[in-house]
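Give me a 3D structure for the following:
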Amino acid sequence: MNAYNQRLFNYLLFLTGFFFLIEIGFFIQCNQVYLEDYTFVTDHISIPKSVIVDILFSLFILVSVHLFFCIIAWLMSKGFIAFFSIHEKHQFKTAIIIWLLLLCFILSANQYYYPNSKFAQLTSLLMLNANVSKYVFYFFLIMIVIPVTTGIQRVLCAMNKRLWIPVVTGMTIIFYAYNTYQFKYLSSATSEKPNIILIGVDSLRPDFINWLGSDYSTPFMDQFLSQSVYFTEAITPLARTFPAWMSILTGQYPQEINIRTNLMNLHNQSFPESLPAILKTHGYETIYASDESRFSNIDKRMGFNQIVTPPIGFSDFLIGSLNDSPLTNLIVNSFLGQVLMPYNYANRAAYYHYNPDTFINRLSRTILKSHQQPLFLAVHFCLPHYPYLYAGLNGENLTPQERYVASIERVDQQLKQIYQLLKASDLLTHSIVVLLSDHGEALSLSRDRITEEQFYLPKGNTPPLFYPPNIENEAMNRSVGHGTDVLGLTQYHSLLAFQLHGVKNIQLKPHIVQGVVSLIDVKPTLLFLLNSHSGLQSGISLASAFNDLQYQPPLRHLMLESDFSPNAIRTIYPEIRKVMLEGIDLFEINQKTTRLTVKESMLSKIIKTKQYADIYGEWMLASYPKNKNERILILINLETGFWTDNLNSPFAMSTPAKTMLTHLHQFYGLEMK
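Predicted coordinates:
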């Protein structure tokens, strides 16, 4: 590099450094509260050294990307100047203009593709809405094409024609061949050993699906359910992702497997009777995939051969939430982003640059290949989880309910995409497909809690304050979130539907099954279909419903429990930072794995705050902690809505309330004291 080119590069490097300092200042301003919280967290939790290494690596990547930006601007400037033979006295101005054009292109692209990015909040002062940002982005894209084209022309002109003509021709042939060749994927599944596909959607409440009566657009789920055996009253035993999925995989209640909350410390615990572990012994390849692992640490200990998730650990909380730069955002959803920014790539927790298609692309590399064994694939889509945002949705002027609807409609497209992938890879020819949600969601809508004030008995009395209201002072028939309130049945109401394709000796007649079932029934149902059984399960097989249009689930006691619910989470506007800070003393970090887990010493405190419930036919009995030694009991008829807190009333005495209370005491033992 001669002295002139060196000087030109130094000018652009200075400008890039100045912009980088502005970014840092804006970052500190936007995240000042979080940076202050970091000191608070380190006072309560010992941060592993490996997390510091991850932070330094992320900073290195951030600096390197800015340096690469400077080099690109420099090369574009050189090519433009040489191609148009610009006079020396105008060359520095030309280079600065090209640098500014490139920067404006980057900022407008960040605003257009990532409207929830922190930096987009700044540029939105100029680009006031989505249409403006789109036109500005296209304008700067066109402006950038000119110096890029001239730079490429200069390179081609400098090359020997004997060299570049065959290179361009060869690349064209390769591109055409790649896009026209039809790959043939092979599945090892048979009618006796079909592929088993669990497709889970986080926080999906069934009443938001069009086929079930809503006005929202969910064409894939509508079609799937219309061709399935659908259970209208499926419930989850605990409305939080990790306990719910562990109940699905084990067929047991959280209390039975001692997974009572998210982020449980499993020590060296293994699960030899889990569904994937059993299927592995039957010759299945077992895979779990999810676009978020922050609060659900499902790993190979559950019996999976392969885990396809963002990296699990404290670095995900820290780096995944704070890595938000216009330059890195533009590459985070590429293969380069997967390598350089693993905590942000296909990670829904980093919602501001989460592209739903990126997770599908990641899944395609796992699914679109020949499988030498029958496949057990469990996929969990987390798009409908709070804050109900993703890269393509500007939620600034939307209510939480509107954002939730948008996320439901977008996850429906993801489900269609994965179904197409499964079909293209021959995995559906012989298969059992289960579409489910790990839990529902309460959105502070009317009847999100089933306790209507006018149905309280005895009439005329004031209903008890058995559940503390959130900061919005919600009405008695409203609740918020999931896992916070056992009488908020929209939190516990889950989607559950089965499809069968080419399974030997089993006919499935699509229809709707009325009656209460549980997600703990998924495992025994699947094992029954495979003529395999496991003794360690509390669920029952629902396979009899597949060809019996009159099937009614048997009458039985079904248990529910809540999770740890600090005040910060009992709102439709929860801040993750407030939730974490309020419960900071509950957690610790494993110094080797960097995983954030609940302290053993604090688990008993969580359990003391739990609510419990028993659903028995049309009746539900709920137990809420009032103080250290007393609980409030709520009895409700799920069909009529009438309810009371007096089990000695004439209304309660004519019900199975006493039997249900006995069952609760037998199941939860001393926890009910």
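
Any regions of the stretch 201-350 of the chain where pLDDT drops low?
Low-confidence regions of the stretch 201-350 of the chain, defined here as pLDDT under 70, do not occur.

three-state assignment of Val517?
Of the three states, Val517 takes strand under DSSP: H, G, I helix; E, B strand; the rest coil.

Looks like it contacts Ala234 (just checking).
Yes: contact between Val517 and Ala234 holds when scored by C-beta atoms under 8 Å: they sit 5.2 Å apart. In this view, the C-beta of every residue, glycine as well, is placed from N, C-alpha and C.

Overlap in contacts, those two.
Shared contacts of Val517 and Ala234, defined by C-beta atoms under 8 Å, 6 or more residues apart in numbering, comprise Leu496.

avg pLDDT for the longest helix seen in the chain?
Scanning the chain for the helix with the most residues, using DSSP state H, yields helix 49-84. Helix 49-84 carries an average pLDDT of 87.

and that helix, what does it pack onto?
Contacts defined by 3 or more C-beta pairs under 8 Å, 6 or more residues apart in numbering; DSSP states H and E place helix 49-84 against helix 3-30, helix 88-113, helix 130-158, helix 314-322, helix 326-329.

what does the fourth one rub up against?
Read that as helix 314-322. Contacts of helix 314-322 (C-beta under 8 Å, 6+ apart): 27, 31, 34, 47-48, 50-51, 54-55, 58, 293-294, 310, 343-344, 347, 349-350, 576, 580, 589, 594-596.

between it and helix 3-30, how big is the angle?
With axes from the mean of the first three to the mean of the last three C-alpha atoms, to 10 degrees defining the directions, helix 314-322 sits at 100 degrees from helix 3-30.

where does the stretch 551-673 of the chain have low pLDDT?
Looking at the stretch 551-673 of the chain by pLDDT under 70, you get 565-585.

let's see it at 50
Where the stretch 551-673 of the chain drops to pLDDT under 50, the residues are 568.

confidence score at the nearest residue to Ile235 once chain neighbours are set aside?
Using C-beta to C-beta, 6 or more residues apart in numbering and skipping the chain neighbours, the partner closest in space to Ile235 is Tyr492 (4.9 Å). As predicted, Tyr492 sits at a pLDDT of 98.

Next, work out how far apart Tyr492 and Ser217 are.
For Tyr492, the distance to Ser217 equals 25 Å [C-beta to C-beta, to the nearest Å].

More neighbours: these two, which one.
Tyr492 (29 against 14; other C-beta atoms under 10 Å).

Surely the more buried one and Gly440 touch.
Yes: with contacts counted by C-beta under 8 Å, Tyr492 reaches Gly440, the gap being 6.4 Å.

what residues do those two have in common as contacts?
Thr236, Ala239.

Which among the helices and strands packed on helix 49-84 is found nearest to Gly395?
helix 130-158 (11.7 Å; C-beta to C-beta).

who's in contact with the residue nearest the centre of the chain?
Central residue of the chain (C-alpha atoms, centre = their mean): Cys382, 2.1 Å from the mean position. Cys382 is in contact with Asp202, Ser203, Thr241, Ser290, Asp291, Glu292, Arg348, Ala349, counting by C-beta under 8 Å, 6+ apart.

Repeat the analysis, applying 6 Å as the threshold.
By C-beta atoms under 6 Å, 6 or more residues apart in numbering, the residues touching Cys382 are Asp202, Asp291, Glu292, Arg348.

In three-state terms, label Tyr230 for me.
Per three-state DSSP, Tyr230 ends up strand.

What sits closest to it if chain neighbours are left out?
Using C-beta to C-beta, 6+ apart, the nearest residue to Tyr230 is Ala497, at 4.4 Å.
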